[in-house]
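> output the structure for:
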Amino acid sequence: MKKAFIEYNLQLKSKSRDLRNDSTLSEVLLWQKLRAGSMMGYKFNRQKPLGNYIVDFYCKGLNLIIEIDGKSHDYKYEQDLYRQRKLEELGLKFLRFTDLEVKRYMNNVLRAIVIWIEEYETNNPPSPIFKGE
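Now for the predicted structure:
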């Protein structure tokens, strides 16, 4: 199934660039595992503007957002939940990990991502027309 382009607020483009240049350690560590199609051949973007928000990691081919909840998310549960619901209304799915999980239990984080992708592939076999997106 071909994935639709999700419009975004153009004013977020420079902010997303700044966030990429000022990544947290856990973002850098997870990016090393997700970049360049390293995660089962899927392409991820980091600090990607989607709608009126910037997400930590996004894979268009899976409609998947991966968020790392660190200190910047402290005491923002309601705000994060609202943001997540708005993005889910666009057909996006979420995986969330804590900063600590990424730093201390990277293998568990990667396994959770692999399991999610395997379940996605089982339920959404690729169309031969759009294979390899």
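
> and the helix or strand where E67 lies, what does it pack onto?
Assigned by DSSP states H and E, E67 falls within strand 64-69. Using 3 or more CB pairs under 8 Å, 6 or more residues apart in numbering; DSSP states H and E, the elements in contact with strand 64-69 are helix 25-34, strand 53-59, helix 77-88, strand 93-98, helix 99-104, helix 106-123. Glycine gets a C-beta too; all of them are placed from N, C-alpha and C.

> which other helices and strands contact the third one?
To tie it back to what came earlier, the one meant is helix 77-88. Right, helix 77-88 is packed against strand 53-59, strand 64-69, strand 93-98 by 3+ CB pairs under 8 Å, 6+ apart.

> so where's this protein shaky on pLDDT?
Counting by pLDDT under 70, the chain contains low-confidence residues at 1-4, 71-75, 127-133.

> hmm, 90 instead?
Applying pLDDT under 90 to the chain flags the ranges 1-22, 70-80, 124-133.

> if we can go back for a sec, so which of the helices and strands packed on helix 77-88 comes closest to V28?
strand 64-69 (10.4 Å; CB to CB).

> and that closest one, which strands flank it?
Sheet pairing of strand 64-69 (DSSP bridges) gives strand 53-59 (antiparallel), strand 93-98 (parallel).

> most tightly packed of those?
Using mean count of other CB atoms under 10 Å, the stretch among the strands paired with strand 64-69 with the largest mean neighbour count is strand 53-59, at a mean of 21.

> no more questions from me, cheers.
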